[in-house]
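Trainee: my questions concern the predicted model and sequence given below.
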Amino acid sequence: MTGLQLAIACGALMGLGVALLVWRFAPSDPDLVDALERLSPDHVVPRRATATTDNAAGTESASAVDQLGVWAIKTFPAGAWSHTPRKDLAILQISETTFYGEKVVWALLGLAMPPLLAGFFGLIGLPLPFAIPTIGSLALAALFWFMPNYNVVDDAKKARIEFNRALGAYIDMVATGVRDGHSGHVALSTAAEVGDKWVFRRIETELRRARYMTRAPWDSLHGLADELGVPELDDLADIMQQSGKDGAQIYENLRARATAMRSAMLSAELGKANSASERMYIPASLLGIVFMAILVAPSMLRFAT
């Protein structure tokens, strides 16, 4: 690196530092909608419970990420977070502070990787120009900033599939309780206490909260369905609400709903299997083309010569 390039790099870093200081301390108008959403009680997302086998180091790491997320919320403007997948975080039971902390950690990792690689290449005698690790750091940090979003969306999609599978069994148990003569309240609570999966525990917790707050259980299920983004649970709440209003016989409706859910999940699985089978045709076709090229190439070469 020449002296001129070094001077330009130093000046750029100093200018960036001054710009960041001005941006940090300059007064700005907060986003009122975002501030009210953060202060609302419905905005609170329970943290994921840690397993009993986790060691103290894992707990300290999680708390450090949470603290980093709290600092990031207070420091960065609301527009820096773009879209926050709150429903996906709710079904995964991940707090927003943890999510924001992970975004900052991923961005710092992206910033650190190119300089470390450039330092390694410099040690083995292959120095890289200053612009390559600088641009690489900024690009990788911007890319890694959205990695937690991708992970949360992907994990939430899998969690909703698992939720719907367990919900189909739960609806069947509720229908069985209704057929045995139990009321809608008792059938919902009894069925939720049978299962030991996280889906049943989440529904049981919501029903217990509704009982303590003297709310109708289907109203709580409506709220839970909206919080988690699970419309199938909303359908169950509608059916149970109808039974609470006019005493309608809902056994057949519940069984039909459970059957429809299983049929939809089976169709989705068959669609995935067909897509995988179709993708297998591509390498087989390429292999056939290569084989034909091997057979035809000698004759074409002899004809050309």
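Mentor: That came through, no problem. Here the structure is a predicted model, which is why all the values come from computation and not from measurement. Residues are numbered from 1 along each chain as shown.
Trainee: ok, for E162, nearest residue in space, not its chain neighbours?
Mentor: What sits nearest to E162 in space, not counting adjacent residues and going by C-beta to C-beta, 6 or more residues apart in numbering, is V199, at 7.1 Å. All C-beta atoms are positioned from the backbone trio N, CA, C, and that covers glycine.
Trainee: which residues touch the helix or strand that contains that neighbour?
Mentor: V199 belongs to helix 198-212 when assigned by DSSP states H and E. With C-beta atoms under 8 Å, 6 or more residues apart in numbering as the contact definition, helix 198-212 has outside contacts at 162-163, 166-167, 170, 188-189, 192-195, 216-217, 219-221, 223-224, 233.
Trainee: and the angle from whichever helix or strand comes after it to helix 198-212?
Mentor: Using DSSP H and E, the next helix or strand after helix 198-212 towards the C-terminus is helix 217-228. Relative orientation of helix 217-228 versus helix 198-212 (axes from the mean of the first three to the mean of the last three C-alpha atoms, to 10 degrees): 130 degrees.
Trainee: packing partners of helix 217-228?
Mentor: Here helix 217-228 touches helix 86-92, helix 184-194, helix 198-212, helix 231-246, going by 3 or more C-beta pairs under 8 Å, 6 or more residues apart in numbering; DSSP states H and E.
Trainee: how about 10 Å then?
Mentor: Judged by 3 or more C-beta pairs under 10 Å, 6 or more residues apart in numbering; DSSP states H and E, the packing partners of helix 217-228 are helix 86-92, helix 147-179, helix 184-194, helix 198-212, helix 231-246.
Trainee: and the ones you listed as TSV, adding distance to P127 and mean neighbour count?
Mentor: TSV is the format used below for the helices and strands packed on helix 217-228 (distance: least, C-beta to C-beta, whole Å; neighbours: other C-beta atoms under 10 Å):
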stretch	distance to P127	mean neighbour count
helix 86-92	44	20
helix 147-179	29	18
helix 184-194	64	19
helix 198-212	52	17
helix 231-246	57	17
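Trainee: now those helices in TSV, with distance to Q67 and mean pLDDT?
Mentor: Putting the helices and strands packed on helix 217-228 into TSV (distance: least, C-beta to C-beta, whole Å; pLDDT from 0 to 100) gives the following:
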stretch	distance to Q67	mean pLDDT
helix 86-92	18	90
helix 147-179	17	90
helix 184-194	35	87
helix 198-212	27	90
helix 231-246	34	80
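Trainee: for those helices, which one sits closest to T305?
Mentor: Across the helices and strands packed on helix 217-228, T305 has its closest neighbour in helix 147-179 (54.4 Å, C-beta to C-beta).
Trainee: tilt between the closest one and helix 184-194?
Mentor: In terms of direction (the same axes, to 10 degrees), helix 147-179 departs from helix 184-194 by 120 degrees.
Trainee: could you give the angle of helix 147-179 to helix 231-246?
Mentor: Here helix 147-179 points in a direction 30 degrees away from that of helix 231-246 (the same axes, to 10 degrees).
Trainee: any idea how far helix 147-179 is from the chain center?
Mentor: Computed by C-alpha atoms, centre = their mean, to the nearest Å, the chain-centroid distance of helix 147-179 equals 14 Å.
Trainee: and what of stretch 146-166?
Mentor: Centre-to-centre, stretch 146-166 and its host chain are 5 Å apart (C-alpha atoms, centre = their mean).
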